[in-house]
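K.L.:
Got a predicted structure plus its sequence, pasted below:
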Amino acid sequence: MQRNIDTLTKTIHKYLERNSLTTDTPPWEIKKSDLGGFGVFATRPIETGELIFKDYPVILGPRAALTCPVLCVNCYSNENLKPCEKECGLQLCSSKCQNSSSHQKECKIIRQWQTQKITGELSEKLTKVLSPIRSLLLSDEDKTVVKCLKAHKSEQHGFEVDIMKNILHLNIKEDEEIFMRFVCSVMDSNAFEVIVGNEDNQSSVKGLYPLGSLANHSCVPNTTHVFDEHQHMIVRAATFIPEGAEIFHSYSRFIWGTATRRFHLYRTKHFLCKCQRCQDPTEFGSYVSSILCKVCKKGKVIPIDPLVNNGKWQCEGCGEIVNREDVAGISSLLGAALNSFTTEDIDHMLRFIEKKLLTLVSENNETVIELKYKIIWIVGHQKGFTWTELSDSLLYTKEKFCRDLLSLLETLKLGQCKMRGLLLHELCSCYKEMRRREEKSGHVSKIRDNDMRNLLQEAADILMYDVGAPAEIKNLWPDEIKKF
Ligand SMILES: [Zn+2]
Ligand SMILES: [Zn+2]
Ligand SMILES: [Zn+2]
Ligand SMILES: [Zn+2]
């Protein structure tokens, strides 16, 4: 379908209207982007934290990745799963989910296609190809929405349809196959991972958000997004956005270096990012990609032109030229070491940072950051390292790592991003435990109530609407959002 701005804008507005998500004067509009294709732009200055838009998934379904657990196909719970009584092959958690109108529709179409019983492993396969099946059940209006989104043509798309035909032996019609293959490529380019469930029982599915997917990617996004309990995507400004500026979000991980991010974006979304951060050899002075020079031992080695994939690197100190392969070699070696640690290995991880990493790479290198981030989520959370169990030294280490990462996010100009919200909450939990220990041993703590309250309030503001936010945070939200 030929995309032009007027019909695209109308289609998106009508879609939001059907889902009761329109506002009187939305602060955004769809325009041609300098990046090619369309983008979303600010129609007026937008303040940090301001709500920009809410979106609803036109298609929502289980993820196709091998590692994803099987979930109830209606409510995405992973408890009490039973095969559908009508033997479509899907799993559901209750008679309520079994009898839901959305399941009845997909159940019927799958049973019409079936040529064999679908149980066990096949049932798992069927769950993972459910999203394209659901696209056939959309209203004509919603099909039009999907058709106006961008699709990438590439051979890896549509493997879900191959599974339906060659493994599940579903008897699908040719026009259904053509549309489902198209939907698979649209979802591959545009779908978001959506968090469902609460803090303790989270899983993720994938959703196609029409307006959300029109916003382009930048590794320095000016927005942040979360999902509420009804799978709405809530997009808010992470930094101040001037009138006329393009609205960006990020499909990548902030703590990865440029080469890692660009490779991942190319592999999954088929484009080479050329954003401000990708262009800057030092990534705003963070040196997330850099390694230490083997010649002068202290200079940082950075890419001469980070947008050239196999270009040369150079030491900022002594000028030594380093081949890209040598840098990549160190990174993959460290990456492999990183993946070999198990949760109990914290002492080992800390020694690895001190004795090995910091002799090879700069202090903010992606492997150092990745490891610190891993440790932050073990300490205070995992068995053997809960708040009451952990040693004083680990508690202080976690507090320092939280501060290190928060300052890195600032260097990377990420504003009020979701990761900042999560880290502020973790930092606050550290302070609380530090104070408890100081008071228990008869000391007067220097940690003030007010400071902790401010940290927690900022975390609550950033994570507002997020279904996965910790209960302590949710309690601080305004009543109308709690009831949302
Ligand atoms: Zn269910
Ligand atoms: Zn069924
Ligand atoms: Zn970039
Ligand atoms: Zn050097």
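P.N.:
Alright, I've got the coordinates. Numbering: from 1, shown residues only. Ligands and ions are numbered 1, 2, ... in the order given.

K.L.:
Run a quick neighbour tally on Trp313.
P.N.:
24 (other C-beta atoms under 10 Å). From N, CA and C alone the C-beta is placed, and that goes for glycine too.

K.L.:
partners of it in the sheet?
P.N.:
Trp313 has these beta-bridge partners by DSSP bridges: Pro303, Val322.

K.L.:
Hmm, it is touching Gly299, no?
P.N.:
No: with contact defined as C-beta atoms under 8 Å, Trp313 does not count as touching Gly299 (11.2 Å).

K.L.:
just the helices in the stretch 251-400 of the chain please.
P.N.:
Using DSSP state H, counting those that start in this stretch, the helices of the stretch 251-400 of the chain run over 258-269, 276-279, 324-340, 346-351, 358-360, 366-378, 392-411.

K.L.:
Can I get the second one in CSV? Just the C-alpha atoms.
P.N.:
The one in question is helix 276-279. In CSV, the C-alpha atoms belonging to helix 276-279 read as follows (Å, rounded to 0.1, in the frame of the first residue of the first chain):
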residue,chain,number,x,y,z
GLN,A,276,24.6,11.4,17.4
ARG,A,277,25.9,8.8,19.9
CYS,A,278,26.8,6.3,17.1
GLN,A,279,28.8,9.1,15.3
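
K.L.:
is it anywhere near ligand 3?
P.N.:
Yes: Helix 276-279 reaches ligand 3 (C-beta under 5 Å from the ion) through Cys278.

K.L.:
helices or strands next to that helix in the packing?
P.N.:
helix 258-269 (3 or more C-beta pairs under 8 Å, 6 or more residues apart in numbering; DSSP states H and E).

K.L.:
what do you get for the last one?
P.N.:
With contacts defined as 3+ C-beta pairs under 8 Å, 6+ apart, helix 392-411 has these neighbours: helix 366-378, helix 418-440.

K.L.:
next SSE after the last one?
P.N.:
Moving toward the C-terminus from helix 418-440, the first helix or strand encountered (DSSP states H and E) is helix 449-462.

K.L.:
Give the buried residues for that following helix.
P.N.:
Using 16 or more other C-beta atoms under 10 Å as the test for burial, helix 449-462 gives 452, 455-456, 458-462.

K.L.:
got the contact list for the helix or strand just after it?
P.N.:
Using DSSP H and E, the helix or strand that follows helix 449-462 in sequence is helix 471-474. Residues outside helix 471-474 that contact it (C-beta atoms under 8 Å, 6 or more residues apart in numbering): 199, 421, 425, 456, 459-460, 463, 482.

K.L.:
Could you tell me how far helix 471-474 lies from the centre of the chain?
P.N.:
In this view, helix 471-474 has its centroid 21 Å away from the chain centroid, taken as C-alpha atoms, centre = their mean, to the nearest Å.

K.L.:
sorry, back to before: is it possible to export the buried residues of helix 449-462 to a markdown table including pLDDT and distance to ligand 4?
P.N.:
Output for the buried residues of helix 449-462, formatted as a markdown table (pLDDT from 0 to 100; distance: C-beta to the ion, whole Å):
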| residue | pLDDT | distance to ligand 4 |
| --- | --- | --- |
| Met452 | 93 | 44 |
| Leu455 | 95 | 40 |
| Leu456 | 96 | 44 |
| Glu458 | 97 | 40 |
| Ala459 | 97 | 41 |
| Ala460 | 96 | 46 |
| Asp461 | 96 | 44 |
| Ile462 | 97 | 39 |
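
K.L.:
between these, which is closest to Lys446?
P.N.:
Of all the buried residues of helix 449-462, Lys446 sits closest to Met452, with 11.9 Å by C-beta to C-beta.

K.L.:
before we move on, the earlier item: so which of the helices of the stretch 251-400 of the chain is the most surrounded?
P.N.:
helix 366-378 (a mean of 20; mean count of other C-beta atoms under 10 Å).

K.L.:
Buried residues, stretch 304-324. List them.
P.N.:
Those would be 306, 313-316, 322, 324, for stretch 304-324 by 16+ other C-beta under 10 Å.

K.L.:
what's the answer for stretch 375-391, then?
P.N.:
Buried residues in stretch 375-391 (16+ other C-beta under 10 Å): 375-376, 378-380, 385, 390.

K.L.:
Endpoints of it, how far apart?
P.N.:
14 Å (C-alpha to C-alpha, to the nearest Å).

K.L.:
Make 23 the starting number, not 1.
P.N.:
Noted, 23 is the first residue going forward, which turns the last one into stretch 397-413.

K.L.:
ok, Leu427 to Val310 distance?
P.N.:
Leu427 sits 12 Å away from Val310, going by C-beta to C-beta, to the nearest Å.

K.L.:
between those two, what contacts are shared?
P.N.:
Contacts common to Leu427 and Val310, judged by C-beta under 8 Å, 6+ apart, are 277, 391.

K.L.:
Pick the one among the buried residues of helix 471-484 closest to ligand 3.
P.N.:
Ile484 (22.2 Å; C-beta to the ion).

K.L.:
give me every residue that touches the closest residue to the closest one other than its chain neighbours.
P.N.:
In space, and not counting its chain neighbours, Ile484 is closest to Gly443: 3.2 Å by C-beta to C-beta, 6 or more residues apart in numbering. By C-beta under 8 Å, 6+ apart, the contact list for Gly443 reads 480-481, 483-485, 488, 491, 495.

K.L.:
so which of those residues comes closest to Leu436?
P.N.:
Among the contacts of Gly443, and counting by C-beta to C-beta, the member closest to Leu436 is Ile484, at 11.0 Å.

K.L.:
Okay, now the unreliable bits of the protein?
P.N.:
23-25, 88, 175-179, 220-223, 505-506 (pLDDT under 70).
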